[in-house]
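Peer 1: I'd like to go over a predicted model; first the sequence, then the structure.
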Amino acid sequence: MATSTADSIDRVADPWERQRYEPSHRAPLVLGDHDFTSVTDVVTGITLRPTPPLWYVAFSISLAMLSLLVVTTAYLFLTGVGVWGNNNTVGWGFPIINFVFWVGIGHAGTLISAILFLLRQNWRTGINRFAEAMTIFAVCCAAIFPGIHVGRIWLVLWLAPYPTELAMWPNARSPLFWDVFAVGTYATVSLLFWYMGMVPDLATLRDRAKSRVAQMLYGFFALGWNGSSRHWLRFEKAYLLLAALATPLVLSVHSVVSFDFATSQIPGWHTTIFPPYFVAGAVFGGFAMVLALAIPSRQWFGLHDLITPRHIDNMAKVMLATGLIVAYAYSVEFFTAWYSQHHYEQFVFMNRPLGPYWWAFWIMVTCNVAAPQLLWLPAVRRRIWFVFAIAVLVNVGMWFERFVIVVTSLHRDFLPSSWTLFAPTWVDLTMLVGSFGLFFTLFLLFCRFLPMVAMAEVKTVMPQAHGIEPPIRFDYQPGPDTPKELRRGHWFT
Amino acid sequence: MVDYDSPEQATDEPTGQAAAARPYAWVAEFTSVADVMRAAERVRDANYSVWDVHSPLPIHGINRCMGLRPTILPWITLSHGLVGAGLGLLMVWWINATTAPGWLPNVQGYQFLASGKPLFSLPANIPVIFEMTILFAAIGTLLGLLGLNKLPMLSNPLHQSRLMRRATADRFLVVIDAEDPQFDRVGTAEFLKTLGPTALELVVEDS
């Protein structure tokens, strides 16, 4: 009876609270008295129960926003890119800002599904499925903008290298061509990673569904998965391989996007810090979007036991860490401009906080640098709606970051006679709103019809998967009494 | 299909149409990871060869309990990645650095001279080659996984099994296939009963 620590911990009922007293007793990743059956019930229930009325309300709003995008895109095609606010000086306006914003959002999903997997961060299992879904939908939104930015949409095929009657090929040394490959590969790999990971859960839905149509559809996409251990062995190997492929891929995508800027001669763009700065910013903004989706979703779909305060806390910490990298990058840009003694570089960086777009710069600093500092406080991280508010602010801030990079670097160029201001038109604004409509429409469809949480993966982090029967008061960790074959760390065998 | 809710009845002869059907597999159900791993070791030690463990989650260590060899999937990924890298390199070199003569006129390269830079240099072409490597390796991994697992297989007698429906949710199954040289309609059931399953089921071939 000497375990005084354990005794005092026992008096604390909340597992989350307990973690603060004894850090080795980390809160379980699945709260409540769940077993494999009840976890399956919770997740499949979301799709197999009748549609909640609130879903229809949210879906109609998203669909209305999406229709704005459809209508304005049609108007754009019929009229030409002159309907945008882009002008001769600011040739890259909203379309590129929105493109970079949405591609960046996607990065958190791949970070969670691939990088955190390689680092064996088991808490990722609760959130990785819808973070990956978010990635794919964000890339869909992103891909629209360069596509419609070409103006003559019927010539969009020229982006791809294919033999034409012109006997011309794209310039393979141009970052815009790299972009086509980076974003195309990223979309393809994210989609097949997401789908492959979902196959076992689709099989669960197939076996749980009552209606014949649902059985047929889930059955078709489950490909006949039956949980064979031989299949699982290869599946886990494939998962590991795809994670290892997706990790350098995700770092390359936003690096390549940043090359669009960094390889040009424009002061404010032409800098070597851009690739790491863009990647950190992408992860920062992406985690903000994951949190902004996870917090309401866990509330509305009753996922409190699977997306626990520990998950929110960890994501908030990642957001804080990447936010600090971004803040560092902002300050280094100013330092470099000063240290370079380069007249135009210095002008651009003074023009950002003090020029006509000072408000955009300060919105960016407030949302991206100041607001996340609140996350240092555990009391803030534990109040999930506080975290939600900060996440929304970070999303706003990250959009303005791209606005600052694109517009303030361009609007006062080398020739003062061509200085101008950029103002978005109503088409620019409705397209931005419409892209959110597309994003939320796809996300709501996903929540309704696909397994929102990776059931099979969540089950592997439950104590039952390691031969330990509940009740267990803290996160399962293999100990000396764990049978050898049940210890973790056999991922690579 | 013949169901046996309690293992004690397992060796009762099936009746009716099912009695005439050819057996496909015996399915034994277990409720925990530890139970099915112990059972798998026994089946392995009894020298069964065409058998499997079905589970709703990947069981770490089951490969040793079952005596499974590592998969060749990483080699499929590697070879696809190399092909992707080679094709990527070939493509960027061909489209910008060559002027092949007029056979297939649309396919011949187009030499952009940008700022006097070389027509072909590796650094400027790495991004495309890298993305092609990843793209091919990832697609190869998925196709390799499906190929090795013989998926999609939408029709399988096991899908008719009552016990199988929970193997994707919360139950663990040992399945001994009728293809196994040691399979015996009565003897295999007697053997499976000694493993302490919570249910046994004889799955028969689709008629």
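Peer 2: Yep, it's here. Residues are numbered from 1 along each chain as shown, chains lettered A, B, ... in the order given.
Peer 1: does residue 42 count as helix, strand or coil?
Peer 2: Let's take chain A. helix (DSSP: H, G, I helix; E, B strand; the rest coil).
Peer 1: So it sits against A:R298, correct?
Peer 2: No. The criterion here is CB atoms under 8 Å, and A:V42 misses it with A:R298 at 11.1 Å. (C-beta placed from N, C-alpha, C; glycine too.)
Peer 1: which residues do these two both contact?
Peer 2: A:L306 (CB atoms under 8 Å, 6 or more residues apart in numbering or on different chains).
Peer 1: quick one, domains of chain B?
Peer 2: Domain assignment of chain B by automatic domain parsing yields the ranges B:2-70+B:153-204, B:73-148.
Peer 1: mean pLDDT lowest for which of those?
Peer 2: In terms of mean pLDDT, the lowest-scoring of the domains of chain B is domain B:2-70+B:153-204 (a mean of 83).
Peer 1: that older thread, quick one, which of the domains of chain B gets closest to A:L31.
Peer 2: When the domains of chain B are compared by CB to CB, domain B:2-70+B:153-204 sits nearest A:L31, at 18.4 Å.
Peer 1: Could you report the neighbour count for A:F220?
Peer 2: A:F220 has 13 neighbours, counted by other CB atoms under 10 Å in any protein chain shown.
Peer 1: Now do the contacts for it.
Peer 2: So A:F220 contacts B:L154 (CB under 8 Å, 6+ apart).
Peer 1: And for the one 5 residues further on?
Peer 2: Residues in contact with A:W225, defined by CB under 8 Å, 6+ apart, are A:V199, A:P200, A:L202, A:A203, A:H231, B:L151, B:T168.
Peer 1: 7 Å - rerun?
Peer 2: The neighbours of A:W225, taking CB atoms under 7 Å, 6 or more residues apart in numbering or on different chains as the test, are A:V199, A:P200, A:A203, A:H231, B:L151.
Peer 1: where's the nearest residue to B:G140 once chain neighbours are set aside, which helix or strand?
Peer 2: Closest residue to B:G140 apart from its sequence neighbours, by CB to CB, 6 or more residues apart in numbering or on different chains: B:H80 at 2.6 Å. Using DSSP states H and E, B:H80 sits within helix B:73-97.
Peer 1: Report the inter-axis angle for whatever helix or strand comes next after that helix versus helix B:73-97.
Peer 2: Once helix B:73-97 ends, the next helix or strand along the chain (criterion: DSSP H and E) is helix B:122-148. Orientation check (axes from the mean of the first three to the mean of the last three CA atoms, to 10 degrees): helix B:122-148 against helix B:73-97 gives 140 degrees.
Peer 1: In helix B:122-148, which residues are buried?
Peer 2: Using 16 or more other CB atoms under 10 Å in any protein chain shown as the test for burial, helix B:122-148 gives B:124-125, B:127-142, B:144-146, B:148.
Peer 1: before we move on, what about stretch A:292-308?
Peer 2: Going by neighbour count (16+ other CB under 10 Å), the buried part of stretch A:292-308 is A:A292, A:L293, A:A294, A:I295, A:S297, A:R298, A:F301, A:L303, A:D305, A:L306, A:I307, A:T308.
Peer 1: Looking at the residues you listed, which one is closest to chain B?
Peer 2: A:L306 (14.4 Å; CB to the nearest CB).
Peer 1: SS state for B:L202?
Peer 2: strand.
Peer 1: so it touches B:A28, yeah?
Peer 2: No. Using CB atoms under 7 Å, B:L202 is not in contact with B:A28, being 10.6 Å away.
Peer 1: In which helix or strand does A:R173 reside?
Peer 2: Going by DSSP H and E, A:R173 is not in any helix or strand.
Peer 1: you'd agree A:V103 is up against A:V256?
Peer 2: No. The criterion here is CB under 7 Å, and A:V103 misses it with A:V256 at 9.8 Å.
Peer 1: Among these two, which residue is more densely surrounded?
Peer 2: Neighbour tally, A:V103 and A:V256, criterion other CB under 10 Å: the higher count belongs to A:V103, 30 against 27.
Peer 1: How about the contacts made by that one?
Peer 2: Taking CB under 7 Å, 6+ apart as the test, what A:V103 contacts is A:V139, A:A142, A:V183, A:V253, A:H254, A:V257.
Peer 1: in the helix or strand that contains the third one, what counts as buried?
Peer 2: When elements are assigned from DSSP H and E, A:V183 belongs to helix A:175-208. Residues of helix A:175-208 classed as buried: A:175, A:177-208 (neighbour count, 16+ other CB under 10 Å).
Peer 1: for that helix, packing partners?
Peer 2: In this structure, helix A:175-208 packs against helix A:36-48, helix A:128-149, helix A:212-222, helix A:229-262, helix A:455-460, helix B:122-148, with contacts taken as 3 or more CB pairs under 7 Å, 6 or more residues apart in numbering or on different chains; DSSP states H and E.
Peer 1: now the fourth one, how far from the chain's geometric center?
Peer 2: Relative to the chain's own centre, helix A:229-262 is displaced by 14 Å; criterion: CA atoms, centre = their mean, to the nearest Å.
Peer 1: what's next to stretch A:374-382, contact-wise?
Peer 2: Here stretch A:374-382 makes contact (CB under 7 Å, 6+ apart) with A:P309, A:D313, A:A316, A:M319, A:L320, A:F386, A:V387, A:I390.
Peer 1: which of the residues in stretch A:381-401 are buried?
Peer 2: A:381-382, A:384, A:386-401.
Peer 1: whoops, I mixed them up, stretch A:116-129
Peer 2: Going by 16+ other CB under 10 Å, stretch A:116-129 has these buried residues: A:L116, A:F117, A:N122, A:W123, A:R124, A:T125, A:G126, A:I127, A:N128, A:R129.
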